[in-house]
Structure formats: structure tokens, C-alpha cells
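> would you be able to build a 3D model of this:
(2 chains)
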There are 2 protein chains.
Amino acid sequence: MDACIIAVGTEMLTPFRVDTNSLFVTEHLNAIGFDVRMKAVVGDDVGELASVVQAALEWADVIVLTGGLGPTEDDITRDGVARVLQRSLSENEEIVDRIRRRFARRGLTMPDINRRQGMVPDGATILENANGTAPGLWLEHGRSAIVLLPGPPREMKPMFEAVVRDRLAPRSNGAGLFRRVLKITGRTESDVDATVQPIYGPWVTQDVPISTTILAVLGQIELHLTAKAPDHATAARTLDAAVGALCAVLGDSVYSVDGSPLEAVVGRELKERKLTVAAAESCTGGLLSSRLTDVPGSSEYVEAGVVCYSNRSKVQWVGVPEELIAEHGAVSEPVARAMAAGIRERAGVSVGIGITGIAGPGGGTPEKPVGTVAIAVICGAAAQVRTFQFFGDRPLVKFQSSQAALNMLRLMLLSS
Amino acid sequence: MDACIIAVGTEMLTPFRVDTNSLFVTEHLNAIGFDVRMKAVVGDDVGELASVVQAALEWADVIVLTGGLGPTEDDITRDGVARVLQRSLSENEEIVDRIRRRFARRGLTMPDINRRQGMVPDGATILENANGTAPGLWLEHGRSAIVLLPGPPREMKPMFEAVVRDRLAPRSNGAGLFRRVLKITGRTESDVDATVQPIYGPWVTQDVPISTTILAVLGQIELHLTAKAPDHATAARTLDAAVGALCAVLGDSVYSVDGSPLEAVVGRELKERKLTVAAAESCTGGLLSSRLTDVPGSSEYVEAGVVCYSNRSKVQWVGVPEELIAEHGAVSEPVARAMAAGIRERAGVSVGIGITGIAGPGGGTPEKPVGTVAIAVICGAAAQVRTFQFFGDRPLVKFQSSQAALNMLRLMLLSS
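Numbers count the residues shown, from 1 in each chain, chains lettered A, B, ... in the order given. A predicted model of the protein is given here:
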């Protein structure tokens, strides 16, 4: 079955923004047996949207549109689709009431403009929006289903999962694509590829074929496995075996096979061991603590944290001896270690982390160029200190530093 | 003049990869007076590519295709375009020679498969590739120019700048697109729209027309202005006036007109006034400090920060009286205020910020549901405390809290 995804919004035709909703929609369409043959981005223009939808109707079994369902004049998806299908639009009182109540719950009066979101083409099914004002819409035309979803990901994704998937799945006839992602950190892309290529090479020709893509992203490597299988159980069996074979050669550099981010994996390990953690951060400026606390329930193991950005604050808040900074410089392994030890003792936690480095663009020297970061982790009787040389701009150095610290802690926990 | 951009490649129809070449191409087309009306991504299928090109020929003055010019069977852009234009393909000996020499320079023999890259549709102009084997191609059809560029950005970008831009520019009728972005926080999308619509409405029909797009993104509203003007000076004059008119009605809810993020704007204000800042964060877990330190040079005004996640840590690190927590609860204005006062005094800074709230998904009560966040900012003799009710999941509540704290500080600095 063939699918077309259309993102609506002039802002995505500027040099500043790409459509990323289609990645999520593709993944979920693939899983229920729909092949995405084409994607398009169209501006806020009724005529242009109509002509793209018209062209897709000639071949697509499903057309998913995202965006353009807001309350303003720019929001033209309802009108564009109604024009192609030659349906008239009328106001749905139930939708308007629901929006009005949503505003009322926040103590606000619904602006009149929001009535636009209650306009519905004849014959459309309304898809409830649990997370925003714009409802989704579902229309049928010949053999095609046309699905209109809101643009904000936090509205679009839950709506797709709660309503759209189950309505679409029975219309598909064929094998679905099922995926797994292995997340790996602390190794290079070519190193990972050289290790796993002999393993995954033969998989493309087996009964339930698996294709493998290797992807280097921010501070980690991802291995994407895609199996084409008649059903979920067959796919799961095949992919489990594949994941097992890859983990056997990659060892503990694989930190997640279920999509979990590194901070969630580390959080799980801390919780299991009933350990608590606190970080003293210089160049990461609080990013590590923020990532640790992105995980629901992290208050069970995150006690506190300190951002000691200035030299003075390293002395004051976590007791780094002034002489140590004078002798080795603020970016050094002894200072990282003193930061980890200081925060651990003062916060009364099991694990102390210290990070100090040069995030750039200024502050580099020939001996310690931008991207030099010293990280210390102290966990029970074990302590580790390492110096990294990261590449990239300021946000990239910050992220890689937090990633390296989390991975050091993960490996120490695994071997403890 | 209207442009269409088509990215060719099945890998960009997976859930893992987006087309980013089009951002570069859009920026450069806009600057020489071409408006990008539509973008598409098509897989490695001659028929499908042909039908998308066919549709674009009906309206586009220029069609830019990227990708699919490699040597393998998957590389179908040449064939797809030749089919639509009904041109035959023949091998160009000069291109093949050039590729052969390129291989020879690296001590390699050209694989026979690379002859495919020498196949050229009748009447095409060849665009030399300084950084790879695949040459670009330029075709004319009726009023349209069709430009085929290689997919790898390091080949595509130099080719566009060296050859394509100067060939395209004279075909444009002059007017280029010039942009401004206003960033607004602390107001809703409909409220902003209702306020500015009467102002920007008439702009689309004026001599130098400006189109306006309103966009609600994470914790803020963006107003995108695009002026169509014959030259840079005219555009700047028109956009300056437009920005001025919008700022006059929106007041200080506009925090940036030059693309700067809120943390950079606040940083600039702090630096100008030679003030320093430190935050005591509970529910944001360090995100505010991390954002403040995302700005290069922030070490001039960020002194320190504390993540006091547990009640105990609020008492220990920033001296919140235990009785205050017992009486009002950890998420309360008095506690937020004590956190701000405590960090300000202990860190010896001019500005202290305290944030305490319920990021969710757990921890909510009927009186203090998930998303309740108390924020205090103390700046010199001025102090403000507010309680917010944010919507959305944990990361969204965290971000909105940091955004609200930065905005409170910004407004206090402006009125000081």
C-alpha cells in the first residue's frame, strides 16, 4: 500500500525549518505495511495545496497531511482538502464547544477566531485532540483515505497513535516494516561498522530480510535494523536474534536496544542499586543534571547539583583547593576529581561527578584547545578520571561531555 | 519567479533522514528573487520522479533536483528528467574522460559503472563538479530551467555557488525575498494574532509587499516577515518600518528581532549592566543554567548555580527554612523566593532566581496539579514571584519554566 505525506506550512519553505513530523509518520505507517513513496512540503496556499493533494489522489492509498489546522487565516489545510474533494465546509458546534471549554479551564475566553477550527468538510470523521484545540479530520475519497493532523508534534503524535493507526492498519494488505535501534556510545562509526558488517551482511537475503543502516548522530552511533515481516511476532523473533548477535560482538558499548536515552539507562541502574547522584558542572553548565532530571521519577536518585562556572565558585561550592586550580589550571584532571569528591561529600550522595572543560568558541590554548574536557566519576570506592578532546561547536561540546560522563558512570555501575 | 526543489533518494523516505540540502538551496534561490513554492522528496523510481517533475513543469520557473546522480542503478535522476522532457540520453566522452582522470589521480582505475555518470540528455549543459565525479546538468524546457545537482552537500553547495546562481539570477525579475523574525513570549498565539493582524493585513498589497506568518513554538510565538523587494536597501527600509510597527503594538513581549534566543537577549542585558546571575533550580534540574551557559561569553555573568532537587538540598544549599517548606510546601511562592534570595546571597551575585514546581508525570495534587511552577527573581532591590500553570509533558514544563524565568528577568531588567 502506498502512502504520501504532505506537510503544510510556509515556514517549512524557508531556509530555517525542516518538516520532521514525517519521520514519525513514516515510522508508524511502515510498521502497519504502508510504504511512503513521496513526501511534500507546501506553503499556506489553498490552490497549491489542492494541486498537490489532487496529484497524490491518483496513486496514494493514504494521504497524511500535517499542519495548517490552527485558528488563523494562514491555516488552509481544511479548505485545500475540501476544495479538491469538492465538499463544503460547515461549523461543527461540538468541536467549538470543546475548544471553548478548553479555554475556560485555563480561565480564558475563546477568541472568536478559534471558531475556524470547528469548520469541517462534509462527510469527515472528527479525530479528537487530547493535547490541543485543533481536532484531526479523516476523509474518504475513492480508494484513498485522507488524514488531516495538527502540526505540533505533541498533538500530532498522540493522535496518530490513539486513533489513526488502528483505523489504517486493517486497510493494509502486506508485510510491515519493523525496526529496532541499537544505541552505542564511546566508539567511532567506522569501528562499529568494521565490527558488525560481517554479521549483518547476510541478513538482507534471509527469509525474513533485515536491512541495516549505521548512523552517526550527536555523541553516539545508532544501528537501525529494519525487518520486512508478515506479522509482529515473526518480526520480533527475527529482530531479537539479530539484536542478540550484534550485542555479542559490540559488548557493553551498546547502551540501549529499546530506544531509551542514556540518562534513562543510567537512571535505571542507579535506582536498582539504590544509589544517589550529584554533579558539579563547569563547562556543561547544568546540562548533565538537566538530562538526569529529564527522566520521570529521577527525584529518587538525583539529590542535588552545582554549576560552578567561575573558579571562585569551584572553591566555594565544592571545596576545590585554590592551589590545585593555580597549579593545574581549572580544566584539569585533578580539579575534575576534586569537584567530584567535593560534591559527593557535601551532597551526601553515593556518586559524585565533576566536569570541567573548554566549550568554546573562546578560551582555548595550544595545550588545551577548545573541546578539552576533564571528567571525574567517583562511585563508592571506585574513581575514574579521563580527559577528552571533543570536536564541534559549543552546544556539541556540552552534549558530548554530558554523554561521556553518563557513559563513564554506566560502565562503572555495570562492573561494580 | 517560482521554484520547486526535489530531493531524490529512497533513504530520505525512511524515518531516519531528512532532506537538508533544500534549506541551502532555498536561501540562495530566495536571495536572487526565486520563491520556493513547494518541496518534494521522491524515492529512486524513474516513473515517480518523472510524474513529480511533470507536475512542477506546469508552474515552476526553475526546478532544482538534488541527488540521484551517482553511478549505480539506484541513481535515476538523469533518466527520470530525460523521460519527462522526451530527450534521449547519450554518453558524453568528455565527462567520462574527466571521471577517469579523477580516479587515475588517486591511483585507481575507473569502474565501468561510472560511465553512467557520463550519460547526458540531449541539449543539456554540463555543470562541472569540482568536488566529486557526478557533473551537474542544466536543461531548458519552455519557460522552465531544470537543474540537476549532486546530493552530497560538499559537492552540491560549491556547484550552486560557482555556476548555478549566476546562471539563474538574470532570469529572475529582480525582487528578492528578505526576512525578519520577531520572537515573542508570555502571550498566546491567538492573542498575538488578534493584536497584529490589523497591522500586517494591508502589507501584502503594498508596493514592497510583506507576507507574515505566525508560528507557535515551544514556549514562544514567532512572527516571520518576508519582504519581496528589488534590492537589499529597499527591503531593509521596509522591514525596519514593519518591525517598528509590530513592536509598537506588541510592546516588550517582543524579546528579539534578530533571531537571538531568549538566553542570549538576557545575557546581553546582564552584560551591559555588569550584573551577575545565579539560579537555584528544582523542577528545571539545571536547564535554566544550561541555557544561560549556551551563550558564548556567558562566563562574564554566570557565576554559579544550584540544582536543589530534594527538600533537604533546598535547606542545605540555599538556606530555605525547613518551616517554610513544612508550612507552604516545596512548590510555593515563599519557597521560590527563599531559593532566589539564598542563591543570590551565597553566590554573591546581583540576580538570584528560584524555580520550584511539578514537572510531572507524577507528583500532582488537586491544589497543585502537574505543571504548577513558582518562580522568583530578585534583582537589586526589586523582587518578583509568580506562579504559573504550564501544560504539556515533563520536558515541555521544564522548558516553559526556564523560558518564563528568563522572561521575568528580562522585563525586570528593562524596567530597571
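> residue contacts, the spatially most central residue of chain A?
The residue lying closest to the centre of chain A (Cα atoms, centre = their mean) is A:Pro261, at 8.6 Å. Applying Cβ atoms under 8 Å, 6 or more residues apart in numbering or on different chains, we find A:Pro261 in contact with A:183, A:291, A:294. Where C-beta positions appear, they are placed from N, C-alpha and C, glycine not excepted.
> quick check, nearest of these to chain B?
Closest approach between the contacts of A:Pro261 and chain B, by Cβ to the nearest Cβ: A:Asp294, at 6.1 Å.
> list phi and psi for the closest one.
Main-chain torsions, A:Asp294, degrees, to the nearest 10: phi -70, psi -20.
> so what are the sheet partners of the helix or strand hosting A:Val64 and their directions?
Element membership for A:Val64 (DSSP states H and E) is strand A:62-66. Neighbouring strands of strand A:62-66 in its sheet, by DSSP bridges, are strand A:2-8 (parallel), strand A:144-149 (parallel).
> what is the rounded mean pLDDT of the last one?
By that I understand strand A:144-149. Strand A:144-149 shows a mean pLDDT of 98.
> thinking again about what came up before, let me have the strands paired with strand A:62-66 in JSON lines, extended by mean neighbour count and distance to B:Ile353.
Shown next, in JSON lines, are the strands paired with strand A:62-66 (neighbours: other Cβ atoms under 10 Å in any protein chain shown; distance: least, Cβ to Cβ, whole Å):
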{"stretch": "strand A:2-8", "mean neighbour count": "25", "distance to B:Ile353": "38"}
{"stretch": "strand A:144-149", "mean neighbour count": "24", "distance to B:Ile353": "38"}
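> what stretches of chain A score poorly on pLDDT?
For chain A, no stretch is flagged by pLDDT under 70.
> and after the strand holding A:Val64, which helix or strand comes next?
Beyond strand A:62-66 toward the C-terminal end (DSSP H and E), the next one is helix A:77-85.
> who does that next one touch, helix- and strand-wise?
Contacts defined by 3 or more Cβ pairs under 8 Å, 6 or more residues apart in numbering or on different chains; DSSP states H and E place helix A:77-85 against helix A:46-57, strand A:89-91, strand A:119-121, strand A:136-141, strand A:144-149.
> output the ones you listed as JSON lines; include the columns distance to B:Met110.
Output for the helices and strands packed on helix A:77-85, formatted as JSON lines (distance: least, Cβ to Cβ, whole Å):
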{"stretch": "helix A:46-57", "distance to B:Met110": "40"}
{"stretch": "strand A:89-91", "distance to B:Met110": "60"}
{"stretch": "strand A:119-121", "distance to B:Met110": "57"}
{"stretch": "strand A:136-141", "distance to B:Met110": "51"}
{"stretch": "strand A:144-149", "distance to B:Met110": "46"}
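> just say which of the ones you listed is most tucked in.
Ranked by mean neighbour count, these are led by strand A:144-149 with a mean of 24 (mean count of other Cβ atoms under 10 Å in any protein chain shown).
> show me which residues of the very next helix or strand once past it are buried.
Using DSSP H and E, the helix or strand that follows strand A:144-149 towards the C-terminus is helix A:153-159. Buried residues in helix A:153-159, counted by 16 or more other Cβ atoms under 10 Å in any protein chain shown: A:154-157, A:159.
> ok, back up a step: report the distance from the strand holding A:Val64 to the chain centre.
Centre-to-centre, strand A:62-66 and its host chain are 22 Å apart (Cα atoms, centre = their mean, to the nearest Å).
> good, we can wrap up now.
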